[in-house]
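**Student:** Below are the sequence and a predicted model for it; my questions follow.
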Amino acid sequence: MKKVKLSIKCHKEIEKELDEVFSKFIRARDKRCCRCGSPKRLTASHYWSRRHKSTRFDEDNVIALCFPCHIHQWEKEKQGDYKIYMTRRLGEQKMQLLEMKARSVAKYSAGELLCMLQYYQKKLEVMK
Ligand SMILES: [Zn+2]
């Protein structure tokens, strides 16, 4: 297991590492592109973009999409097909909650990010 050294890691570094681990977790969870079903070139797509810190690491907000679907299709369809898919996946109520969360301001401390990092590292290990 990878050890995380708190003392030498700054907020930005932990967030970057968490982005990577969280993305791996999402791809391991979904296994295939949620749009076309391909298992190749998977990426983690944020319905509410990563700019929204409060939903950046929310499992409901992120799905696996293959690279072509992510970049050429659903990235431009957030009010169209992507929204329809997400509403079907989560249900109306969860979609509304997700929007409220995305629009609220969240600022995670380095300690909170580190907790999430360790949480998803463990989750990933269990999935292997
Ligand atoms: Zn695809």
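**Tutor:** Here it is on my side, so go on.
**Student:** The residue most central in space within the chain: what's it in contact with?
**Tutor:** Among the residues of the chain, the one closest to the centroid is Val62, at 3.8 Å (Cα atoms, centre = their mean). Val62 makes contact with 22-23, 26, 44-47 under the criterion Cβ atoms under 8 Å, 6 or more residues apart in numbering. Using the backbone N, CA and C atoms, a C-beta is placed for each residue, glycine as well.
**Student:** could I get the residues you listed as a markdown table with pLDDT?
**Tutor:** Compiled in a markdown table, the contacts of Val62 are given as follows (pLDDT from 0 to 100):
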| residue | pLDDT |
| --- | --- |
| Phe22 | 98 |
| Ser23 | 98 |
| Ile26 | 98 |
| Ala44 | 98 |
| Ser45 | 98 |
| His46 | 98 |
| Tyr47 | 98 |
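**Student:** The residues you listed in helices, which ones?
**Tutor:** Among the contacts of Val62, DSSP state H puts 22-23, 26 in helices.
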